[in-house]
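Q: A predicted structure for the sequence below; I have some questions about it.
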Amino acid sequence: MTGGLDLDAILGEIAADMAREEDRGKVADYIPGLAGVDPRHFGIAVVLADGSMHVAGDADVPFSIQSISKVFALTIALGKVGDQLWRRVGHEPSGSAFNSIVQLEAEHGIPRNPFINAGAIVVSDVILGGSRPTEAIGEILRFTRHLASDESIRIDEDVAKGEKETGFRNMALANYMRAFGNLDHAAEDVLQVYFNQCALSMTCRQLAMAGRYLMAGGAHPDTGHNVVSALRARRINALMMMCGHYDGSGEFSFRVGMPGKSGVGGGILAVVPGIASLAVWSPGLNDRGNSQLGALALQQLAVATGWSVLNPREMAVSS
Ligand code: GLN
């Protein structure tokens, strides 16, 4: 499927096209550490099943991965409690904003899926599992480094601190779920884990590397060991496809047709099972809080490569 494709040329062309785009969306400013990021950044990295890496633009500039971390946290939590997790968090698209509180009331404190904030906070609670927040944060950092085979990945403490100081809505979500009995630990401790995980700072290259297990049927390409079972990897991909962009998930699938997970830092991790793991970053967001140019770039890549559930010949980038 990758034979005959000149990926470096394709990515170079995408980066050049994105540099010309004027409507770049709006950088998230509700998290202090993100407000000052330059919206002109654009980076993309693609790692193929054969291990080759292809990049263009700012692929080596670190950014805040924010909600993309929910994929790695979910993987850890499933490893700890298995399918029992689905008693505390659903696997349906939410159709509402990533930080919505109304759905929780109607559904008795059980979040719709692990990728909206409420669901990810439950996942943090599971990872905490009776340990101290610093231990759980260490576990998430070690796991992410392991996935990417890169010990230089770090957490941006300023971003985590800024979010703690302003994250009143996440505090409300956590306390609300605690009232329903769906949080075992103090909201403060759970959020310490959650904010630090969201503050993971990674480049497109590192992020694409970290997503390889989802491309490779759950196996870590460098060790051959299973990170998760093949079924679980497929299910995480299915969740990314259905829920990875919150109330913009339908739009992303409609236009790009790949499993993808976005974050308010402007990153998107996307997976083409058996073929590629890819990461794109452009800090400006659309009105659903997803990277505006990130989705456009992935749509262009899908058309050029055919890596999509859509038929690329029938896709038009402009429509
Ligand atoms: N840390 C962010 C928040 O809780 C994550 C949101 C996101 O990336 N969509 O608001």
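A: Nice, I can see it.
Q: pLDDT wise, what is residue 318 at?
A: Looking at residue 318, its pLDDT stands at 50.
Q: interface residues of the chain facing the ligand?
A: Within the chain, the positions lying close to the ligand (CB under 6 Å from any ligand atom) are 66, 67, 98, 99, 117, 163, 170, 198, 263, 264, 289. Placement of C-beta: from N, CA and C, glycine included.
Q: so the fourth one makes contact with residue 169?
A: Right, the one you point to is residue 99. Yes. Between residue 99 and residue 169 there is a contact at 5.2 Å, judged by CB atoms under 8 Å.
Q: neighbour count winner among these two?
A: Neighbours were counted for residue 99 and for residue 169 using other CB atoms under 10 Å; residue 99 has more, 17 against 13.
Q: what about the more buried one, is that helix, strand or coil?
A: In three-state terms, and counting by DSSP: H, G, I helix; E, B strand; the rest coil, residue 99 is coil.
Q: all helices for this structure, in order.
A: For the chain, the helices defined by DSSP state H occupy 7-20, 69-81, 102-106, 117-128, 133-148, 157-166, 168-179, 187-198, 204-210, 212-215, 230-243, 249-255, 292-305.
Q: any idea of the angle the second one forms with helix 117-128?
A: I take that to be helix 69-81. Counting by axes from the mean of the first three to the mean of the last three CA atoms, to 10 degrees, helix 69-81 points 40 degrees away from the direction of helix 117-128.
Q: Between helix 230-243 and helix 69-81, find me the angle.
A: If you take the same axes, to 10 degrees, helix 69-81 sits at 140 degrees to helix 230-243.
Q: Show me which residues of helix 69-81 are buried.
A: 69, 70, 71, 72, 73, 74, 75, 76, 77, 78 (16 or more other CB atoms under 10 Å).
Q: Redo these as CSV? Include pLDDT.
A: Shown next, in CSV, are the buried residues of helix 69-81 (pLDDT from 0 to 100):
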residue, pLDDT
69, 98
70, 98
71, 98
72, 98
73, 98
74, 98
75, 98
76, 98
77, 98
78, 98
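Q: Just give me the closest of the residues you listed to residue 281.
A: Taking CB to CB as the measure, residue 281 lies nearest residue 69 of the buried residues of helix 69-81, at 14.2 Å.
Q: Nearest residue to that closest one in space, ignoring adjacent ones along the chain?
A: residue 197 (4.5 Å; CB to CB, 6 or more residues apart in numbering).
Q: count of neighbours near that neighbour?
A: If you count neighbours by other CB under 10 Å, residue 197 ends up with 28.
Q: got a list of contacts for the helix or strand of the chain with the lowest mean pLDDT?
A: Taking mean pLDDT, DSSP states H and E as the measure, the chain has helix 102-106 as its least confident helix or strand, at a mean of 90. Helix 102-106 has contacts (CB atoms under 8 Å, 6 or more residues apart in numbering) with 94, 96, 110, 111, 112, 118, 173, 176, 177, 180.
Q: Can you pull out the low-pLDDT segments for the stretch 101-250 of the chain?
A: Across the stretch 101-250 of the chain, nothing is flagged by pLDDT under 70.
Q: Residue 218 against residue 237, yeah?
A: No. Contact status for residue 218 versus residue 237: not in contact, 10.1 Å apart, counting by CB under 8 Å.
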